[in-house]
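J.: predicted model and sequence follow; I will ask about them next.
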2 protein chains.
Amino acid sequence: MISQVIRRVAVVGGTHGNELTGVYLIKKFQQFPDLLKRSSFEVVTLLANPQAVKSNRRYVDRDLNRCFAEEDLSNPDLMGYENRRAKEISAQLCPKDEHGADAIVDLHSTTANMGLTILPSSKHPFNLQLLAYLSEIEPSLRVCLGEHSGQDAPMLRSLSAFGCTIEVGPIAQGVINARQLQQTEMLVHAILDYLDAQNRGKPLPTPSHLTVYQAIGSVDYPRNSVGELQAAIHPQLQFKDYEPLHPGEPMFLTFTGESLLYQGESTVFPVFINEAAYYEKHIAMVLTQKQQLQLETA
Amino acid sequence: MISQVIRRVAVVGGTHGNELTGVYLIKKFQQFPDLLKRSSFEVVTLLANPQAVKSNRRYVDRDLNRCFAEEDLSNPDLMGYENRRAKEISAQLCPKDEHGADAIVDLHSTTANMGLTILPSSKHPFNLQLLAYLSEIEPSLRVCLGEHSGQDAPMLRSLSAFGCTIEVGPIAQGVINARQLQQTEMLVHAILDYLDAQNRGKPLPTPSHLTVYQAIGSVDYPRNSVGELQAAIHPQLQFKDYEPLHPGEPMFLTFTGESLLYQGESTVFPVFINEAAYYEKHIAMVLTQKQQLQLETA
């Protein structure tokens, strides 16, 4: 067992204002704070981007979940709404502060068919054990490691080494799906229960293996010379997140009906396929490799 | 046969800027205008709300597809972006004008599981025969009659008695689904082919019956005293558009886990269930009655 004392956990929603699963769970938790109470630590809740929530948009000026890189947080020239919010949230949750958060759970959703997905804040052994526990109690859960996971990433979750982003999908922006709301809430409770048991010296049993999907890069949509889309995700790939994509299999279908094939040399496992918010980031999908991790045990 | 001379057909997309199926079909048609060419009439294409398309939002100031009521079009005080666009489009497409459109096909999408749906511009017998033809060649197609169908409705399609809105779903806003793009394009071609055959005095055969879903009202989400949502669509009803909802069956699931049942006295067929854009319109779903229409024949 890898021990780690947790004094305070932050549960965050509305980092993207139109991902309503997190928004409405935070509203619920704020209305019924007893739901999150655990004996060994404090839980704080945070609606991260209230202006974006109000406007039912992902963000107002800039994607808040790309504003937490160390250099941006310390840059006094970045004063847009989300940059200011990032600085406020960083000050509030900074784990170095006595009142900071030792672990952060940030609630998101995606238009991709990713089911219940966790993107951990780091590959710290303590975090990986938590993920192994969650994977065992919820077999449909998948763990995705970002290309820049860890404290150098610009995501809100990277304010702490412990915790994760939860993604649930497929769901349209601006929509609540009751089942996905329940699944996400269940996962929040499972995380808190695990951390609480660890804190109290009664760790919950965890398997010694963990399957993860390690991001290795992303692919943009085919575009013309002025940047306009020329193709959509191929119907054979649409909604096939986490399934193997082999060399030579179709990736895109152009608007004139031509299939474009995956040209890579090795099998990959695409995720975030056709995520609405990633069109502007020039990401049609994120490619991952499926890996089996052997975890440290007691 | 009910004859009607069609001189010009307008195919419209981007009436809602984040419904990309229509946006990208119009871009395609404008790049390859020959695709829409028919021998007996002219086809014009229109991207109805270019500012909203640019912003990837439904609208800028106001829902364009609610700006076409006669009294709004003639009200000089309504000068927001969409009100001005509505006046421009009305002037451009007005069928009374020599250069106007005799039929309008407006391309939309929905986050509801409505498959391929047509909302006709009117119940004019000529229009109903077109729908009967389309229903026969595409059995999955459903026809939905709005509560205020006809020329008094505030939708763009209501500029003409002939034509329709095409809805395709489920699809998230801001996303392109290749299959739905193809299905919508196929339907546009089928409409043009039918009109062209009519025009040329060689009408395509149509069945004498048509199943329609007649809207009879809508239901809002349960809200608290300040208007905040208290429940989501019940998991048993989610994605069940066009299926019968019987008295006593679950409609909503509150955030605290209580099932709220349909209290009506007769079976209805809900559509637009959990449409993202309708939260702000206080519409959780539109209730319809399933009807069989006997059509006029030659």
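T.: Nice, I can see it. All values reported here derive from a predicted model rather than from experimental measurement.
J.: rest of the way, CA atoms for contacts and neighbours
T.: Noted.
J.: give the contact list for the residue of chain A at minimum distance from chain B.
T.: When distances are taken as C-alpha to the nearest C-alpha, chain A reaches nearest to chain B at A:Ala172, 4.3 Å away. A:Ala172 is in contact with A:Thr110, A:Thr111, B:Thr111, B:Ile171, B:Ala172, B:Gln173, B:Ala276, counting by C-alpha atoms under 8 Å, 6 or more residues apart in numbering or on different chains.
J.: show the buried residues in these.
T.: Among those, the ones that count as buried by 16 or more other C-alpha atoms under 10 Å in any protein chain shown are A:Thr110, A:Thr111, B:Thr111, B:Ile171, B:Ala172, B:Gln173, B:Ala276.
J.: okay, and which of the contacts of A:Ala172 map to helices?
T.: Among those, no member falls in helices (DSSP state H).
J.: please identify which of those residues is nearest to A:Gln31.
T.: Closest approach to A:Gln31 among the contacts of A:Ala172 (C-alpha to C-alpha): B:Ala276, at 24.3 Å.
J.: contacting residues for that closest one?
T.: Here B:Ala276 is in contact with A:Ala172, A:Gln173, A:Gly174, A:Val175, B:Thr110, B:Thr111 (C-alpha under 8 Å, 6+ apart).
J.: pretty sure A:Arg200 sits against A:Arg38.
T.: No. Counting by C-alpha atoms under 8 Å, A:Arg200 does not reach A:Arg38; the two are 10.6 Å apart.
J.: could you dump the buried ones among the contacts of A:Ala172 to CSV with distance to A:Asn127?
T.: As requested, the buried ones among the contacts of A:Ala172 are exported to CSV (distance: C-alpha to C-alpha, whole Å):
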residue, distance to A:Asn127
A:Thr110, 23
A:Thr111, 26
B:Thr111, 36
B:Ile171, 35
B:Ala172, 33
B:Gln173, 34
B:Ala276, 35
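J.: adding pLDDT and distance to B:Gln289, write those out as a markdown table.
T.: As requested, those are exported to a markdown table (pLDDT from 0 to 100; distance: C-alpha to C-alpha, whole Å):
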| residue | pLDDT | distance to B:Gln289 |
| --- | --- | --- |
| A:Thr110 | 98 | 34 |
| A:Thr111 | 98 | 31 |
| B:Thr111 | 98 | 21 |
| B:Ile171 | 98 | 24 |
| B:Ala172 | 98 | 26 |
| B:Gln173 | 98 | 27 |
| B:Ala276 | 98 | 23 |
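J.: tell me the one of those residues nearest A:His246?
T.: For the buried ones among the contacts of A:Ala172, the nearest to A:His246 is A:Thr111 (23.1 Å; C-alpha to C-alpha).
J.: which residues does that closest one contact?
T.: The contact partners of A:Thr111, by C-alpha under 8 Å, 6+ apart, come to A:Gly169, A:Pro170, A:Ile171, A:Ala172, A:Gln173, A:Phe272, A:Asn274, A:Glu275, A:Ala276, B:Ala172.
J.: does A:Arg84 count as helix, strand or coil?
T.: Following DSSP: H, G, I helix; E, B strand; the rest coil, we place A:Arg84 in the helix state.
J.: ok, and the closest non-adjacent residue to it?
T.: A:Leu78 (7.5 Å; C-alpha to C-alpha, 6 or more residues apart in numbering or on different chains).
J.: so that neighbour sits against A:Phe68, correct?
T.: No. The criterion here is C-alpha under 8 Å, and A:Leu78 misses it with A:Phe68 at 11.6 Å.
J.: please identify which of these two sits among more neighbours.
T.: A:Phe68 (26 against 14; other C-alpha atoms under 10 Å in any protein chain shown).
J.: what separates the more buried one from A:Glu88, distance-wise?
T.: Distance of A:Phe68 to A:Glu88, given as C-alpha to C-alpha, to the nearest Å: 11 Å.
J.: again with A:Tyr279
T.: A:Tyr279 is 28 Å from A:Glu88, by C-alpha to C-alpha.
J.: ramachandran angles for the spatially most distant residue from the centre of chain A?
T.: In chain A, the residue that sits farthest from the middle, by C-alpha atoms, centre = their mean, is A:Thr256; the gap is 34.6 Å. Dihedral angles of A:Thr256 (phi, psi; degrees, to the nearest 10) stand at phi -100, psi 10.
J.: and it, what pLDDT?
T.: Listed pLDDT for A:Thr256 reads 97.
J.: show me the shaky parts of chain A.
T.: A:1-2, A:95, A:149-151, A:297-298 (pLDDT under 70).
J.: so in it, which helix runs the longest?
T.: Chain A, longest helix under DSSP H: helix A:178-199.
J.: please enumerate the strands of the stretch 151-298 of chain A.
T.: Remark: strands assigned in the stretch 151-298 of chain A by DSSP state E, counting those that start in this stretch are A:162-169, A:209-219, A:231-233, A:250-254, A:259-261, A:285-294.
J.: compile those into CSV and extend it with columns for distance to A:Met186 and mean neighbour count.
T.: Compiled in CSV, the strands of the stretch 151-298 of chain A are given as follows (distance: least, C-alpha to C-alpha, whole Å; neighbours: other C-alpha atoms under 10 Å in any protein chain shown):
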stretch, distance to A:Met186, mean neighbour count
strand A:162-169, 11, 25
strand A:209-219, 20, 18
strand A:231-233, 32, 24
strand A:250-254, 34, 22
strand A:259-261, 39, 17
strand A:285-294, 25, 18
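J.: for those strands, which one sits closest to B:Gln180?
T.: Once the strands of the stretch 151-298 of chain A are compared by C-alpha to C-alpha, strand A:231-233 is nearest, at 10.8 Å.
J.: the closest one - contacts with which helices or strands?
T.: strand A:250-254 (3 or more C-alpha pairs under 8 Å, 6 or more residues apart in numbering or on different chains; DSSP states H and E).
J.: the strand it packs on: partners in the sheet, and parallel or antiparallel?
T.: Partners of strand A:250-254 in the sheet, by DSSP bridges, are strand A:231-233 (antiparallel), strand A:259-261 (antiparallel).
J.: convert the C-alpha atoms of it to CSV, please.
T.: Listed next in CSV are the C-alpha coordinates belonging to strand A:250-254 (Å, rounded to 0.1, in the frame of the first residue of the first chain):
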residue,chain,number,x,y,z
PRO,A,250,-11.2,3.8,-42.9
MET,A,251,-10.8,6.9,-40.8
PHE,A,252,-12.7,9.6,-42.8
LEU,A,253,-15.3,9.9,-45.5
THR,A,254,-14.9,13.0,-47.7
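J.: number of nearby residues for the closest residue to A:Ala197 other than its chain neighbours?
T.: The spatially closest residue to A:Ala197, leaving aside those adjacent along the chain, is A:Pro203, at 5.1 Å (C-alpha to C-alpha, 6+ apart). Neighbours of A:Pro203 under the rule other C-alpha under 10 Å: 16.
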